[in-house]
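J.: below: sequence and its predicted model.
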Amino acid sequence: MAKEVKFIPSVCKVTTDDDTHEVIQPTFKGHIILRKLTLDEKFAFMENSGVEIGEEDGKNVVNVPKGSKAFASTRALVSGSKKHYVEVDLTRLADGEHFASVEDLEVEHDCHPIMVEVANRLVSGFTIGSEPKEQ
C-alpha cells in the first residue's frame, strides 16, 4: 500500500514577508492528500525534469536549472506530480470557489503556484511530522 501525506499548501498558512516582515494572511483553506514517491519514482522524476536536490537551512530544496530550461523543468515537475494527487480539498477565501481535483487546479491561474509547490515538495520529500496543522 502506497504511503500518503496530507499537505497544507503555503497559501493556506499565515506567513511573514521576508523583506517587510508583514504578516500575510492565507488566501485559501484546505489540504491536498498526496501519494508519496518511491525511491525509484523520485530519481526518475528528478532525471526527467533535470532538477537536483540541494540543502538550505537544514531542509531539502529543489534546484531548478536557470535560464531557458527553468520552464521546461518546472513543467516536467508539475506534469509528473499529477498522478500523485489523491485528494484535493481547497477553497479560495476571496470568493468561496472550491477546488476538488487536479484538473480544477490546472485551469485556475491562482492555483498554478500551488501545483508548483506540490511538485517541489514531492521531489524534495516529506519529513515525518513536518507538515504543520491547517490555519
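T.: That came through fine. Numbers count the residues shown, from 1 in each chain.

J.: show the average pLDDT along stretch 73-88.
T.: Stretch 73-88 comes out with an average pLDDT of 90.

J.: now stretch 97-104
T.: 98.

J.: just stretch 114-126 next, same as before
T.: pLDDT averaged over stretch 114-126 gives 87.

J.: buried ones in it, by neighbour count?
T.: Neighbour counts using 16 or more other CB atoms under 10 Å place Ile114, Met115, Val116, Glu117, Val118, Ala119, Asn120, Arg121, Leu122, Val123, Ser124, Phe126 of stretch 114-126 among the buried residues. Heads up, the C-betas are built off the backbone N, CA and C, glycines and all.

J.: check stretch 10-19 too.
T.: Using 16+ other CB under 10 Å as the test for burial, stretch 10-19 gives Val11, Cys12, Lys13.

J.: what's the first-to-last distance across that stretch?
T.: Start-to-end span of stretch 10-19 (CA to CA, to the nearest Å) is 17 Å.

J.: one more: stretch 103-113?
T.: End residues of stretch 103-113 are separated by 14 Å (CA to CA).

J.: same check on stretch 86-102?
T.: Here the two ends of stretch 86-102 are set 9 Å apart, with distance taken as CA to CA.

J.: ok, residues contacting stretch 103-115?
T.: Contact partners of stretch 103-115, identified using CB atoms under 8 Å, 6 or more residues apart in numbering, comprise 9, 11, 27-28, 32, 78, 81, 88, 90, 92, 97, 99, 102.

J.: swap in 10 Å and give it another go.
T.: Applying CB atoms under 10 Å, 6 or more residues apart in numbering, the contact partners of stretch 103-115 are 7, 9-12, 27-28, 32, 74, 77-79, 81-82, 85, 88, 90, 92, 94, 97-99, 102, 118.

J.: report the buried residues of that stretch.
T.: Within stretch 103-115, the residues scored as buried using 16+ other CB under 10 Å are Leu105, Cys111, Ile114, Met115.
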